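Asks: Build me a model from this:
(one chain, ligands or ions: 1)
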Amino acid sequence: MKIANKTTSAVALVKEALEKAKKYEDYHIFVSLNEEAALKKAKEIDDKIKKGEEVGALAGVPYACKDNFLSPEGNTTASSKILEPFHSPITATAIKKLEDAGAIMIGRANLDSFAHGSSTENSYFGPTKNSKDKTRVAGGSSGGSAVAVALDIVEFATGTDTGGSIRQPASFNGVYGFKPTYGTISRYGVVAMASSLDCVGFFAKSPEDIDLLMSITAGQDENDMTTLPDFYGQEGYSRTSKVGIIKGFDQGLNDDIKNAYEQEIAKLKEKGYEIVELDMPTLKYALPVYYIIQPAEVASNLSRHDGVRYGFRAENIESLADVYGKSRSEGFMPENKRRIMIGNFVLSSGFYDAYYLKAQQARTLIIKEYDAAFEKCDFLLTPVSPNPAFKLGEKTSDPLSMYMEDVLSVPLNLAGLPGLAIPVGETAEGLSLGLQIVGPRRSDKALLAFASQIKEEK
Ligand code: GLN
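Replies: Residues are numbered from 1 along each chain as shown. From the prediction side, this is the model:
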């Protein structure tokens with residue numbers, strides 16, 4: 001590492017990252033900066049190195065933290081008003097592991113409030129702008145994290161991916177974004193959104209960097225009973241030979257994405273990979289299934305924000321009902337409310353069987369369809385989203401068209417599979433294009449190795 005070799009210092013790296021963060025202030029990447037604590041930690045690391053003491057694998061590496069991870073530095077807002085003054089007494093397991101390895105959080109990155117969205121326009125603090133074109137969205141919900149890495153402010157950023165929130169903004173900004181197998185990294189200390197789907201993951205500039213971050217943060221955690229027994233790095237890797245593509249997944253794609261997809265497939269063929277075309281008819285139900293299960297879980301997770309336990313409480317309260325009602329009404333963004341209402345509707349008696357139960361049954365079929373697909377191929381290659389970054393404001397008044405943007409990213413979340421967004425070029429106007437590699441559960445390290453391999457072979 002550069003710091004341990006004394007070619008630079010942690011303080012210099014953190015100062016540089018903070019300066020860049022300020023230079024790009026108009027992109028609206030950070031909700032808050034962590035200047036004092038970051039510089040203090042950098043100094044401690046430099047002192048340790050001077051004394052010849054051992055430092056971690058990420059010593060002095062500045063990073064951006066999506067603002068839905070809890071840690072005592074600053075406030076955790078989840079880009080919402082209802083949590084705005086919330087100061088956490090605990091540290092998320094993932095953050096603790098990164099910090100123990102010497103990484104330095106320079107700030108908290110903007111997101112769609114409570115991670116509901118695909119553009120970061122649902123943030124209470126206003127939207128983050130795309131790194132390639134300021135008139136366009138950063139993608140979401142982890143827009144701030146993606147742009148922080150794309151503009152080279154930090155080496156990596158944390159994110160959460162429930163239905164594409166790491167992969168889609170990664171592909172909108174030309175960086176790598178990884179959503180691991182469900183349960184690989186602890187969700188302890190992450191603001192809960194839809195618990196059976198939420199995953200912690202990373203944005204970085206290479207699959208190798210993501211591999212390092214995974215080896216540091218993956219692992220079973222007694223504080224999160226959904227974490228899997230340790231597996232990351234223990235599985236072997238044999239060279240990938242068969243790459244699956246899904247029939248019909250190229251329908252309705254923007255021309256640039258379609259061309260990039262076809263070119264990537266042609267390249268893989270040329271390199272000797274066998275391309276297997278798969279019929280996966282159940283995947284067309286993934287989007288509606290997601291938009292039933294996800295809001296149902298949101299409705300119950302967000303019920304804890306009641307004006308009593310955390311942060312914001314409305315003024316002019318006359319009754320207990322006002323404490324809940326007014327605080328929630330003023331504290332949540334419109335999209336939060338939409339999800340809570342849909343969620344309560346699909347869970348209500350009379351509609352539960354027709355919507356929620358049916359969606360869970362369909363989810364099982366989707367899982368089975370993926371399992372069958374991975375008997376025929378090692379990994380799948382698909383686009384991340386049907387369009388490159390759209391214009392700011394283009395879809396804000398039409399929630400359904402915003403949800404449609406998730407059609408290619410949500411299916412794998414329903415099955416708990418790992419997915420990596422890889423940059424594959426740009427449109428003529430310079431907008432980033434991305435594809436995703438999807439693997440079987442617990443193939444995470446092999447998937448990243450495959451991504452390294454195809455990057456080298458280019
Ligand atoms: N865009 C999706 C949604 O709004 C996914 C969000 C996420 O992954 N956090 O639900």
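Asks: which ones are touching the closest residue to the ligand within the stretch 301-450 of the chain?
Replies: Residue nearest to the ligand within the stretch 301-450 of the chain: Asp406 (4.6 Å; C-beta to the nearest ligand atom). Where you see a C-beta, it was placed from the backbone N, CA and C, and this is true even at glycine. The neighbours of Asp406, taking C-beta atoms under 8 Å, 6 or more residues apart in numbering as the test, are Ser118, Gly163, Gly164, Gln168, Leu287, Tyr290, Ser385.
Asks: what's the answer for Pro423, then?
Replies: Ala170, Ser171, Gly174, Val175, Tyr176, Ser432, Leu433, Gly434.
Asks: From those, pick the one nearest Asp250.
Replies: Leu433 (13.8 Å; C-beta to C-beta).
Asks: Which strand or helix spans that closest one?
Replies: strand 432-438 (DSSP states H and E).
Asks: is the ligand contacted by that strand?
Replies: No: Strand 432-438 stays clear of the ligand (C-beta under 6 Å from any ligand atom), getting no nearer than 13.2 Å.
Asks: outside of whichever helix or strand comes after that strand, which residues touch it?
Replies: Later in the chain than strand 432-438, the nearest helix or strand by DSSP H and E is helix 444-457. Helix 444-457 has contacts (C-beta under 8 Å, 6+ apart) with 176, 178, 180-181, 184, 206-208, 210-211, 214, 218, 232-233, 235-237, 239-240, 267-268, 271, 378-379, 418, 420, 422, 437, 439.
Asks: Which strand residues bridge Leu435?
Replies: Assessed by DSSP bridges, Leu435 has beta-bridge partners Pro383, Ile422.
Asks: In this structure it contacts Ser385, no?
Replies: No: using C-beta atoms under 8 Å, Leu435 makes no contact with Ser385, being 10.1 Å away.
Asks: ok so, going back, quick one: which of the contacts of Pro423 is the most crowded by neighbours?
Replies: Ala170 (36 neighbours; other C-beta atoms under 10 Å).
Asks: which non-adjacent residue is nearest it?
Replies: Gly177 (2.6 Å; C-beta to C-beta, 6 or more residues apart in numbering).
Asks: And Pro85, by the same measure?
Replies: Gly311 (5.1 Å).
Asks: Let's verify the one you found: helix, strand, or coil?
Replies: coil (DSSP: H, G, I helix; E, B strand; the rest coil).
Asks: burial of it, as a residue count?
Replies: Gly311, neighbours per other C-beta under 10 Å, totals 20.
Asks: Quick one: residues contacting it.
Replies: Gly311 touches Ile82, Leu83, Glu84, Pro85, Phe86, His305, Gly331, counting by C-beta under 8 Å, 6+ apart.
Asks: go with 10 Å
Replies: Applying C-beta atoms under 10 Å, 6 or more residues apart in numbering to Gly311 gives the contacts 75-78, 80-87, 305, 327, 331.
Asks: What separation do you get for it and Ser71?
Replies: 16 Å (C-beta to C-beta, to the nearest Å).
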